[in-house]
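Enquirer: Fold the stuff below for me.
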Amino acid sequence: MVPPRRPETTVEELADVLVGWRLRDDDFVGEDERRTVLVSLHHRHLPMLAKSGLVTYDADSGSVEFSPPPAPIQVLIKFSYQYDNAVDVPEA
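Expert: Reported below is the predicted structural model:
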């Protein structure tokens with residue numbers, strides 16, 4: 001039996017998603033901020049996640065393949081998601 005493929009994306013797509021999370025209805029995120037996120041992903045975050053086994057990152061091609069997180073991390077992610085959805089923090 002062949003194991004299912006893990007979700008795959010690119011560092012460019014991840015940067016777009018992360019920058020999009022910073023947007024509000026009337027905000028604009030410029031190319032400089034997107035570039036900062038892209039560089040940070042490439043040089044810091046993705047290598048660290050790859051070293052921990054949570055992703056496979058090919059810096060030459062820019063491809064990122066997600067690995068299933070270990071059980072304790074899955075619990076933390078689930079708790080964080082539930083907390084974010086349960087707590088309504090007013091904007092400053």
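Enquirer: quick one: residue 55 and residue 34, what's the gap?
Expert: 20 Å (C-beta to C-beta, to the nearest Å). For every residue, glycine as well, the C-beta is placed using N, CA and C.
Enquirer: of the two, who's got more company?
Expert: Comparing residue 55 with residue 34 by other C-beta atoms under 10 Å, the one with more neighbours is residue 55, at 22 against 17.
Enquirer: For the more buried one, give me its contacts.
Expert: Applying C-beta atoms under 8 Å, 6 or more residues apart in numbering to residue 55 gives the contacts 46, 49, 64-67.
Enquirer: which SSE is residue 65 in?
Expert: Taking DSSP states H and E as the definition, residue 65 sits inside strand 63-66.
Enquirer: picking that back up, for the contacts of residue 55, which one is nearest residue 13?
Expert: residue 64 (8.2 Å; C-beta to C-beta).
Enquirer: list the contacts for the closest one?
Expert: By C-beta under 8 Å, 6+ apart, the neighbours of residue 64 are 8-11, 14, 46, 55-58.
Enquirer: Residue 47 contacts residue 56, doesn't it?
Expert: No: look at residue 47 against residue 56 with C-beta atoms under 8 Å: they stay out of range, at 11.4 Å.
Enquirer: so how far is residue 79 from the spatially most central residue of the chain?
Expert: Centroid-nearest residue in the chain: residue 14, 6.0 Å away (criterion: C-alpha atoms, centre = their mean). To residue 79, residue 14 is 23 Å away according to C-beta to C-beta.
Enquirer: Same check on residue 54?
Expert: 17 Å.
Enquirer: Strands of this structure, start to end?
Expert: Using DSSP state E, the strands of the chain run over residues 8-10, 55-58, 63-66.
Enquirer: quick one: buried residues of the second one?
Expert: In other words, strand 55-58. 55, 57 (16 or more other C-beta atoms under 10 Å).
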